[in-house]
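1. coordinates only, sequence not included:
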C-alpha cells in the first residue's frame, strides 16, 4: 500500500499513538505515505517505532518519534507540542494506544483494572483534549467542506460484544464509544470531527499465537463470516479516508472493520 507524497494528506500533520506495531504502525505508515508529516508515539518498543519511521521515510515522507505514556497528562500534551514544534501544527490525532491484561472477573485486581482503563480510556481522553484545544483555536467557517481538526479513536468490536475474562478491556472500549460520540457532539461547533474505527480480528503480535496455528486460525475464522482474518492495512485504509476531506460530513460515527464479526455468526445456520 503506497501513496505518492503529494496525495490525499499532503500538508497535514498527524499524531499516531501506539504506532510502533500492529494497527497503529499500519496507520502511521499509510498516513506518512499519503503525504502527512507524522509524530510516531511509542511506549516501550523503540525498535518498532524506528521501523515505522523508516517505512515512512522510504516513501519520501517525514516523521519523528516520541516516547510517551498517554495515561500521563504531561506526556500526552508533549505529543501535541512535539507536532507543533517540529512541523508547525497538528491536524489529525489517531488515538490508538492500548493494552490488554486479561483476568477472570472474580480474580481481577484493582491494579489490573486500572492499567487497562488508564491507557485505553483515560489516555485517549487526555490526547483528545490536548489536540482539541489546538483545533479549537482555528477559524473555519461552518459552510466550508473541511474541518479544523480530526480525531480518530481506534476502538474494538468489543465496544458492543461482551468478552469474558476481559471486563477491564471491554469497559474501556464501551467507554470510548460514548466518549467519541459526546466529543463529536460537543466539538462540532468548532468544526472538529470525531469518529471511531472498531476493528475485529486483525493479524497483530498480540494474537499471533492464534492466527499462526491451524487450530487458532480455525477458531478465529468461525467468528468471521467474510472468511479471512484482517490485516493492519484494512484498518489503515479506513483511517486514512476518515482523515481526508472526502469524509468531511462524517462525525460521531463508528465504522466496524471486522469481516462481519458483529453479525452474530453463530446465528447464520
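-> Perfect, thanks for sending it. Just so it is clear, the structure is predicted and the values come from calculations on it, not from any experiment. Numbering: from 1, shown residues only.
2. got the residue ranges for the helices in the stretch 151-269 of the chain?
-> Using DSSP state H, counting those that start in this stretch, the helices assigned to the stretch 151-269 of the chain run over residues 167-187, 208-212, 214-221, 232-242.
3. ok, residue 56 to residue 80 distance?
-> Going from residue 56 to residue 80 by C-beta to C-beta, to the nearest Å gives 19 Å. Just so you know, the C-beta spots here come from the backbone N, C-alpha and C atoms, and that holds for glycine as well.
4. between those two, tell me which one has more neighbours.
-> The neighbour count for residue 56 versus residue 80, taken as other C-beta atoms under 10 Å, is higher for residue 56 (25 against 21).
5. so the more buried one, which state does it fall into?
-> Under DSSP: H, G, I helix; E, B strand; the rest coil, residue 56 falls in the helix class.
6. ok, it touching residue 33?
-> Yes. Judged on C-beta atoms under 8 Å, residue 56 makes contact with residue 33 at a distance of 6.8 Å.
7. need the next SSE after the strand or helix carrying residue 111, C-terminal direction.
-> Take DSSP states H and E as the rule and residue 111 turns out to sit in helix 110-117. Going down the chain from helix 110-117, the next helix or strand is helix 123-135, by DSSP H and E.
8. ok, back up a step: what's the most buried one of the helices of the stretch 151-269 of the chain?
-> The highest mean neighbour count among the helices of the stretch 151-269 of the chain, using mean count of other C-beta atoms under 10 Å, belongs to helix 232-242: a mean of 21.
9. what is that one packed up against?
-> Helices and strands touching helix 232-242, by 3 or more C-beta pairs under 8 Å, 6 or more residues apart in numbering; DSSP states H and E, are helix 22-33, strand 149-154, strand 192-199, strand 254-257.
10. try 7 Å this time
-> helix 22-33, strand 192-199, strand 254-257 (3 or more C-beta pairs under 7 Å, 6 or more residues apart in numbering; DSSP states H and E).
11. returning to that earlier point: lowest-confidence stretch among the helices of the stretch 151-269 of the chain?
-> For these, the weakest mean pLDDT is recorded on helix 208-212, namely a mean of 83.
12. can you name every helix or strand that it contacts?
-> helix 214-221.
13. in the chain, where is pLDDT below threshold?
-> 1-6 (pLDDT under 70).
14. and the angle for the helix holding residue 111 with helix 167-187?
-> Relative orientation of helix 110-117 and helix 167-187, computed by axes from the mean of the first three to the mean of the last three C-alpha atoms, to 10 degrees: 40 degrees.
15. burial count for residue 188?
-> The burial count for residue 188: 15, using other C-beta under 10 Å.
16. same thing with residue 108?
-> For residue 108, the neighbour count with other C-beta under 10 Å is 17.
17. please apply the same query to the one 10 residues further on.
-> Here the count is done by other C-beta under 10 Å, and residue 118 has 18 residues near it.
18. who's in contact with it?
-> residue 71 (C-beta atoms under 7 Å, 6 or more residues apart in numbering).
19. ok, residue 134 - how many residues close by?
-> Other residues within reach of residue 134, judged by other C-beta under 10 Å, total 19.
20. from residue 63, how far off is it?
-> Distance, residue 134 to residue 63, by C-beta to C-beta: 19 Å.
21. and for residue 152?
-> 18 Å.
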